[in-house]
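Trainee: My questions are about this predicted structure, shown below with the sequence.
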Amino acid sequence: MKITSLATAASLAVSLAAATEAQELKYANWAPPFHTITEAQIDPLASAFAEGTTEGASLRAFHGGELGAGPADQYVRIVQGTADMGWGLPGYTSSQFPKTLIVELPGALPLEEPGYAALWRAFDAELKSEFPMTEAIALWGAEPNILMMKEREVLSPGDLSGLKIRVAGSIAAEAMEALGATPVQLPMTQVYNGLQTGLIDGLVSGASVLSDFKLNEVVSTVTTGPNLGRLTFYTVMNKGVYDGLSDEARAALDEIKGEPISKMTEEAWVATADKALEEARSSDSITVNDLDAAASKAFDDALAEVTDAYVAEVGGEAALAAIQGQ
């Protein structure tokens, strides 16, 4: 669903209310409370309000989809005022974020390049228009994507032929098709059951999901090495709520929003992924295949056309250059 226009009356009403009374800001977290997002981002944002204001502004998290199930509608929830702030994935509403999703393309960034820096480099000139009626609080990338399978081993593109692979959006879907797999769109909250029941054979995502969603209990093999892209994320705030904050509360938020909180969040994501991979390597139930450059090349070559075609389709040449710091 692409958000091109939504009624602003609700946003204005929220803004006016915010200006007249102390606020408890609602943060919508569709993931469980033990997810990395809580310690990495929600807690620091809450602390910023608590330590930087004397007028009663505070942040309260609603975990596990309490304000609405699933991540696909997160942006709409924020715009419509169901929540004041929340996080989501551009890939779940791909048509709204065509240029933001360039960061997710295979090979768009080197594996070691941080996604948050690339997103903010391009934000003002190329990406901001994709975030209407909100204030962007954080933009970050996950750790590089890997393949996680149940009862399958992937050492070459041919090993994916005909397999059902869960993807988070259109970018990953095109990548899996290029490698011969059948992409399946499925919310991450349903992947555990999908692997258990055979609805999917595996998934492409970052290693952090092994612990954040307990997929280490159902995944049997992992493949790393190829540049399969990465997921991207946003945290946005209702624009009316942001504009209605007291000067003190807005200053406290402005001090941490943007690159500071984005960097903190991405680094926590990567740390979670590194720990999850380390635990997978020491597990008796999971085999980790770390492909070298030669073995990875077959994947990377097959995916190059996906990246080139997507950038051309969305007119994203300038956005890609900004993302890459050119």
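Mentor: On my side now, so go ahead.
Trainee: What's the local residue count around Gln196?
Mentor: Using other Cβ atoms under 10 Å, Gln196 has 12 neighbouring residues. (C-beta placed from N, C-alpha, C; glycine too.)
Trainee: For it, give me its contacts.
Mentor: Neighbour list for Gln196: Val218 [criterion: Cβ atoms under 8 Å, 6 or more residues apart in numbering].
Trainee: Start at 13, not 1
Mentor: Sure thing, new numbering starts at 13, so read that last one as Gln208.
Trainee: packing partners for the longest strand along the chain?
Mentor: When every strand of the chain is counted residue by residue (DSSP state E), the longest turns out to be strand 146-156. On a contact count with 3 or more Cβ pairs under 8 Å, 6 or more residues apart in numbering; DSSP states H and E, strand 146-156 meets helix 86-92, helix 127-134, strand 242-250, helix 251-256, helix 271-293.
Trainee: next helix or strand past that strand?
Mentor: Next along the chain after strand 146-156, taking DSSP states H and E as the criterion, comes strand 158-161.
Trainee: what does whatever helix or strand comes next after that following strand contact?
Mentor: Going down the chain from strand 158-161, the next helix or strand is strand 176-179, by DSSP H and E. Strand 176-179 is contacted by residues 159, 185, 187-188, 193-198, 203, 206, 211-217 when judged by Cβ under 8 Å, 6+ apart.
Trainee: Inside helices: which ones of those?
Mentor: If you go by DSSP state H, the contacts of strand 176-179 have 185, 187-188, 203, 206 in helices.
Trainee: Of those, which pair is most distant in space?
Mentor: Ala187 and Gly206 (18.8 Å; Cβ to Cβ).
Trainee: neighbour-wise, which of these two wins?
Mentor: Higher neighbour count among Ala187 and Gly206: Ala187, with 27 against 21, using other Cβ under 10 Å.
Trainee: related to what we said a few turns ago, I'd like the ones in helices among the contacts of strand 176-179 laid out as JSON lines, including distance to Thr146.
Mentor: Output for these, formatted as JSON lines (distance: Cβ to Cβ, whole Å):
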{"residue": "Ala185", "distance to Thr146": "26"}
{"residue": "Ala187", "distance to Thr146": "28"}
{"residue": "Met188", "distance to Thr146": "30"}
{"residue": "Val203", "distance to Thr146": "27"}
{"residue": "Gly206", "distance to Thr146": "31"}
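Trainee: Going by distance to Gly174, which of those wins?
Mentor: Met188 (11.3 Å).
Trainee: Number of residues surrounding the closest one?
Mentor: Met188, neighbours per other Cβ under 10 Å, totals 26.
Trainee: For Val300, see how far away it is.
Mentor: 20 Å (Cβ to Cβ, to the nearest Å).
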